[in-house]
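# sharing a model that was predicted from the sequence below.
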Amino acid sequence: MEVRRFKRIGWFAGLILIFSARQITTETLTLTTYYPAPYGVYQQLISFGFRLQPTAEAALCTSGSVHYDNTGRGFRGCDNGVWGSLGGGVPQQMWTYSTPGTYTVSVTGGPRTVLVDVWGAGGGGAYIGSGGGGGGYGQRLIDNVSSCSIVVGAGGVGQMFAPGLDGGDSYVTCGGMTPITVTATGGKGGVLSGFGVAAGGTSTGQNWRVDGQNGSSNGWGGNGGKGGSGGPNDGAANGTAGISPGGGGSSGSNRGASGANGLVVIHGL
């Protein structure tokens, strides 16, 4: 009996040791993945949420690389070893100048990238002749800007018994060591009947432009480039003024109407 009892005790002790060993045994699991995942080359990749992490520009510049510039608040891309602005981003500030005159603006948080929109003023309408030409429009992205100088052109004045006066040019100069100027020229003043039409304004120094329309020989003012409408030939004795920004004034049987003033808008990106 004693031998059988010891055998049973030994059998139970062995089970306890086996289960205890299984409980205290540790296991190591190694997982291999890629970051960012999934890794691969795709013909088309669709995302319902996409973010570019801010990256130091000192990083390797490989053509086709894109990163978000957290200082300039915009996207930048690499082409042939050189980083350049791609725009985008959300405008952090905006400065608008619609009254004729000269101004200076300090760009908060500069130097930074700015997007400038410039409209020239509309020409004044003539006495019994053509309407004034619309002012031109220009737009440009400019990098590394701390301050800008601005001039807003005044609308040309419509005349009595004479051609209308030209609209004034508007321009913006931004930058440091190598400043960049974007100019939008004013529309020409309306001409007397039988002498043709008044030319619309244009733009220089821009990345993109829309020329102002010519004033019409039937008395209508020209539309400003991407801007306000020209005054219609609605039979008003003193014509009808152009709409801001840059619309040309129409002609009238008594005198021509004035063109609209220019406009300058600067977006800090």
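Thanks, I have the structure now.
# CA only for contacts and neighbour counts going forward, please
Will do.
# where along the stretch 101-250 of the chain do the strands fall?
For the stretch 101-250 of the chain, the strands defined by DSSP state E, counting those that start in this stretch occupy 101-106, 112-119, 137-145, 147-152, 170-174, 180-184, 203-204, 208-210.
# include mean neighbour count, mean pLDDT and distance to residue 67 when you put those into JSON lines, please.
Output for these, formatted as JSON lines (neighbours: other CA atoms under 10 Å; pLDDT from 0 to 100; distance: least, CA to CA, whole Å):
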{"stretch": "strand 101-106", "mean neighbour count": "13", "mean pLDDT": "95", "distance to residue 67": "26"}
{"stretch": "strand 112-119", "mean neighbour count": "27", "mean pLDDT": "92", "distance to residue 67": "15"}
{"stretch": "strand 137-145", "mean neighbour count": "23", "mean pLDDT": "92", "distance to residue 67": "16"}
{"stretch": "strand 147-152", "mean neighbour count": "22", "mean pLDDT": "96", "distance to residue 67": "25"}
{"stretch": "strand 170-174", "mean neighbour count": "25", "mean pLDDT": "96", "distance to residue 67": "24"}
{"stretch": "strand 180-184", "mean neighbour count": "24", "mean pLDDT": "96", "distance to residue 67": "25"}
{"stretch": "strand 203-204", "mean neighbour count": "22", "mean pLDDT": "96", "distance to residue 67": "30"}
{"stretch": "strand 208-210", "mean neighbour count": "18", "mean pLDDT": "93", "distance to residue 67": "24"}
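# quick one: which of those is nearest residue 79?
strand 137-145 (15.9 Å; CA to CA).
# the closest one - contacts with which helices or strands?
If contacts are counted by 3 or more CA pairs under 8 Å, 6 or more residues apart in numbering; DSSP states H and E, strand 137-145 sits against strand 82-87, strand 112-119, strand 180-184, strand 203-204, strand 208-210.
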